[in-house]
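1. Predicted structure and sequence below. I'll ask about it afterward.
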Amino acid sequence: QKEVEQNSGPLSVPEGAIASLNCTYSDRGSQSFFWYRQYSGKSPELIMSIYSNGDKEDGRFTAQLNKASQYVSLLIRDSQPSDSATYLCAVKRGYKLSFGAGTTVTVRA
Amino acid sequence: GAVVSQHPSWVICKSGTSVKIECRSLDFQATTMFWYRQFPKQSLMLMATSNEGSKATYEQGVEKDKFLINHASLTLSTLTVTSAHPEDSSFYICSARASSGGASYNEQFFGPGTRLTVL
């Protein structure tokens, strides 16, 4: 079982719609959870971090964490073409950050 | 703040040569730096963790004699790929964690990556 699993995608959404990304993790001792955005050929860029159960909103992004279900999600509201990228879910325990394979999102104009 | 640089951004080398990649934290001190490798269409895989002034900790399956890591100061870590071969061609990304406390202590700040192509 992979440590971090994400929808394989690709996910295509029309401009202005909501993009929903899901992630599950296997280690119940995981402490911190992150969503990174990675454009092709570039390194990851942190867009959200969440540490406790519930929702966390930042602009058009909302992260949700459910530790009992070992589930993290990311909602992108009012999707823009510039949101087209691969989104990586990352889970941290101790010093180690484990990444999912990523979900590629394409926002079509 | 929290800027991490890498040099070079890309490198092409012949098989059998060694390549050194530098990772610098520009505006903060990083007790810990991490080296990742990313193959096309795959996610980031942690190769090793380096702490300033001590030996790096390598992940299972990563050859420490092939991937030499030095973390000589709080702002600089280097990765040397020794006797590089075509299968070492990849995107190498470093990240750094701030040495001081606060929320940012829990985050890793990524460098822009180095694209290595071994012919």
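-> Noted; the coordinates are in hand.
2. can you give me the strands in chain A?
-> A:4-6, A:11-14, A:19-25, A:32-38, A:45-50, A:54-58, A:61-66, A:71-76, A:85-93, A:96-99, A:103-108 (DSSP state E).
3. The second one pairs with which strands, parallel or anti?
-> On the basis of DSSP bridges, the sheet neighbours of strand A:11-14 come out as strand A:103-108 (parallel).
4. If B:Phe109 is in a bridge, with which residues?
-> Beta-bridge partners for B:Phe109, by DSSP bridges, are B:Ala96.
5. which ones are touching it?
-> Taking Cβ atoms under 8 Å, 6 or more residues apart in numbering or on different chains, we find B:Phe109 in contact with A:Leu46, B:Ala2, B:Val3, B:Val4, B:Ser25, B:Ser95, B:Ala96, B:Arg97, B:Ala98. In short, each C-beta sits where N, CA and C put it, glycine included.
6. List only buried entries from those residues.
-> Neighbour counting by 16 or more other Cβ atoms under 10 Å in any protein chain shown classes A:Leu46, B:Ala2, B:Val4, B:Ser25, B:Ser95, B:Ala96, B:Arg97, B:Ala98 among the contacts of B:Phe109 as buried.
7. Same list, these, but as CSV with pLDDT please.
-> Shown next, in CSV, are the buried ones among the contacts of B:Phe109 (pLDDT from 0 to 100):
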residue, pLDDT
A:Leu46, 90
B:Ala2, 80
B:Val4, 93
B:Ser25, 91
B:Ser95, 94
B:Ala96, 91
B:Arg97, 85
B:Ala98, 75
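8. Those residues: which two are farthest apart?
-> Comparing all pairs in those by Cβ to Cβ, the longest separation belongs to A:Leu46 and B:Ser25, at 15.2 Å.
9. hang on, the earlier thing: now for the strands of chain A, which one comes closest to B:Ser89?
-> Nearest of the strands of chain A (Cβ to Cβ): strand A:32-38, 18.8 Å.
10. Just checking the distance from the closest one to the centre of its chain.
-> Averaged C-alpha coordinates place strand A:32-38 at 6 Å from its chain's average position (Cα atoms, centre = their mean, to the nearest Å).
11. hmm, who's touching it?
-> Contact with strand A:32-38 is made by A:21, A:25, A:44-51, A:61, A:63, A:65, A:72, A:74, A:83, A:85-92, A:97, A:99, A:102, B:106-107, as judged by Cβ under 8 Å, 6+ apart.
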